[in-house]
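A.B. asks: sequence plus predicted model, see below.
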Amino acid sequence: MITHLRGKLVEKNPTEIVVECGGVGYLVHISLHTYSLLPSEEAVSIYTHLQVKEDSHSLYGFMEVSERAIFRLLISVSGIGANTARTMLSSLSPEELRDAIAASNVGTIQSVKGIGLKTAQRVIIELKDKILKIYDLEELSTPLDNTNKEEALSALEVLGFARKQSEKMVEKILKASPSLSVEDIIKQTLKGL
């Protein structure tokens, strides 16, 4: 199996690159996460996963070993192919995906284009224990600010504010200080609206 490539980056696109090694150009499929980490110089070293099918051999590339590990876990789930896993890693960073699985956050996984409720649940069911064991994480509970956020948004809707407008403001406030109470979220949102 081809486990990594070190060579000259001769083509670079958001979905694939061509790496020349010893006169041979390898077409490597990449995620947007990897694309954002690619160096600007010609020399590149990239971790790979070779997928062999009856009708094709496809090479998938990653700038980080952690992204490749998450990719391999994802493709082990029935119903998730290499392209779906690549889409998931283009929409969410490996850390966000890992944390969403560990916290059983179906909504985050479902936010990826093409991932439905059942697929998101299957990913969590099949990978949660593996993720917790591999990364030595404690079982994460869904953050409390999710319930605080929802309560604050509901209260703001009752007060007559549009949900979309309120949601942007609430997310901005929670990013700055995630441990705020519902009342403080509402107060700060009202100041900002």
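C.D. replies: Everything's here; your move.

A.B. asks: the closest residue to L73 other than its chain neighbours in helix, strand or coil?
C.D. replies: Distance criterion CB to CB, 6 or more residues apart in numbering; nearest residue to L73, sequence neighbours excluded, is L127 at 5.4 Å. Every residue, glycine included, has its C-beta placed from N, CA and C. Under DSSP: H, G, I helix; E, B strand; the rest coil, L127 falls in the helix class.

A.B. asks: now do the contacts for L127.
C.D. replies: L127 sits next to 73-74, 76-77, 101 when contact means CB atoms under 8 Å, 6 or more residues apart in numbering.

A.B. asks: please spell out the PyMOL selection for the buried subset of those.
C.D. replies: Selection of the buried residues among those in PyMOL, burial being defined by 16 or more other CB atoms under 10 Å:
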select buried, resi 73+74+77+101
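
A.B. asks: domains for the chain, by residue range?
C.D. replies: According to automatic domain parsing, the chain comprises the domains 4-62, 65-134, 145-192.

A.B. asks: mind putting the ones you listed into a markdown table with mean pLDDT?
C.D. replies: Formatted as a markdown table, the domains of the chain follow (pLDDT from 0 to 100):
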| stretch | mean pLDDT |
| --- | --- |
| domain 4-62 | 93 |
| domain 65-134 | 89 |
| domain 145-192 | 80 |
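
A.B. asks: the helices in this protein, which residues?
C.D. replies: For the chain, the helices defined by DSSP state H cover 32-37, 65-75, 82-91, 94-102, 106-110, 117-134, 145-158, 163-176, 182-192.
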